[in-house]
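Asks: The following block contains a protein sequence and its predicted model.
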Amino acid sequence: LLKTELEALKADNERLSAAAGVKPLAGRGVRWARVMERDPQNWYRSIMIDAGEEQGLRLNAPVVGIEGSTLGVVGRITEVNPRTSKVLLLSDELSAMAAYIPAHGWEGLVQGQGTPYLRMNYLPVDAKFAVGDEVHTSPTSASFPPGLPVGRISRVFDRDPFLAFQAVEVERLVRTSKLKEVLVLVPVTEAVPAPPPEPAPAPKKGGAK
């Protein structure tokens, strides 16, 4: 039992040490939260975390996770309570976000399928890409900062002659089933304090002659 506890603590330390190297994005702070609940019937839809309004979390705040030393988008907050929040996962069928393929610059829409894999639609018919190409959040995304890793292309679907776009399958970089902690990106709203006023010069001793 002691050996198992030590191994678990070592794994936690390694994971958190890797996460400590994550730098906050411009204009956003980072809030740690632990995954406290997963619904077996909605495994690919949502998770509950142990942070809420009291920790500064807000609706639609982006949520990222770390698997080993790999950072990846997990989802966004859709319900906020005083000390807990609900995270809608990228894999949920109702989840969608703008994303692009940095290696080629093509942009599309990443959508959940209720499975471990995502689908990226609306890629141009003349776009060229390959299995293994990375997918990141797009600068046109309404909820997510640009440039966050999402996953890698794992399959290129056969072209549908009735559709005016191509689609690919995306494997997520961070598997939700492996998550124990997440990082929530929150806006930095605290004003920068003004510097204290300089002290007035001390009066000179002695009167005028």
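Replies: Done, it's in.
Asks: Identify each buried residue in stretch 40-50, please.
Replies: By neighbour count on 16 or more other Cβ atoms under 10 Å, the buried set for stretch 40-50 is 43-49. C-beta coordinates here come from the backbone N, C-alpha and C atoms, glycine included.
Asks: Of all those residues, the one with the weakest confidence?
Replies: Lowest pLDDT within the buried residues of stretch 40-50 is found at W43 (83).
Asks: dump the residue contacts of the residue positioned nearest the centre of the chain.
Replies: The chain has V64 as the residue nearest its centroid, 2.6 Å off, counting by Cα atoms, centre = their mean. Neighbour list for V64: 71-74, 148, 174, 182-183, 185 [criterion: Cβ atoms under 8 Å, 6 or more residues apart in numbering].
Asks: what's the answer for G72, then?
Replies: Contact analysis of G72 by Cβ under 8 Å, 6+ apart lists 64-66, 148-151, 172-174.
Asks: Return the distance of stretch 37-47 from the chain's centre.
Replies: Distance of stretch 37-47 from the chain centroid (Cα atoms, centre = their mean, to the nearest Å) equals 18 Å.
Asks: again with stretch 169-184
Replies: Here the centre of stretch 169-184 is set off from its chain's centre by 9 Å, with Cα atoms, centre = their mean.
Asks: picking that back up, can you pick out the most distant pair from the contacts of V64?
Replies: Maximum pairwise distance in those, criterion Cβ to Cβ, is 14.5 Å, between V174 and L185.
Asks: Of the contacts of V64, which belong to helices?
Replies: Counting by DSSP state H, the contacts of V64 place none of their members in helices.
Asks: Can you show me the helices along this protein?
Replies: Using DSSP H, the helices assigned to the chain run over residues 2-19.
Asks: Quick check: which ranges of it have low pLDDT?
Replies: Residue ranges of the chain with pLDDT under 70: 1-27, 188-209.
Asks: The same query, at a cut-off of 80, please.
Replies: Applying pLDDT under 80 to the chain flags residues 1-29, 39-42, 68-69, 178, 187-209.
Asks: can you give me the strands in it?
Replies: In the chain, the strands defined using DSSP state E lie at 28-38, 46-49, 62-67, 70-80, 85-89, 96-101, 106-112, 117-123, 134-137, 149-156, 166-172, 181-187.
Asks: okay, the ones you listed in CSV with distance to Q55 next?
Replies: CSV is the format used below for the strands of the chain (distance: least, Cβ to Cβ, whole Å):
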stretch, distance to Q55
strand 28-38, 5
strand 46-49, 10
strand 62-67, 13
strand 70-80, 10
strand 85-89, 9
strand 96-101, 24
strand 106-112, 26
strand 117-123, 28
strand 134-137, 23
strand 149-156, 24
strand 166-172, 25
strand 181-187, 8
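Asks: Please identify the one among the buried residues of stretch 40-50 that lies nearest to V135.
Replies: Closest approach between the buried residues of stretch 40-50 and V135, by Cβ to Cβ: Y44, at 17.9 Å.
Asks: residue contacts, E53?
Replies: E53 sits next to 80-83 when contact means Cβ under 8 Å, 6+ apart.
Asks: which of those residues are buried?
Replies: If you count burial by 16+ other Cβ under 10 Å, the buried members of these come out as V80.
Asks: nearest to Y117, of the contacts of E53?
Replies: Distance to Y117, by Cβ to Cβ, is smallest for V80 among these, at 28.5 Å.
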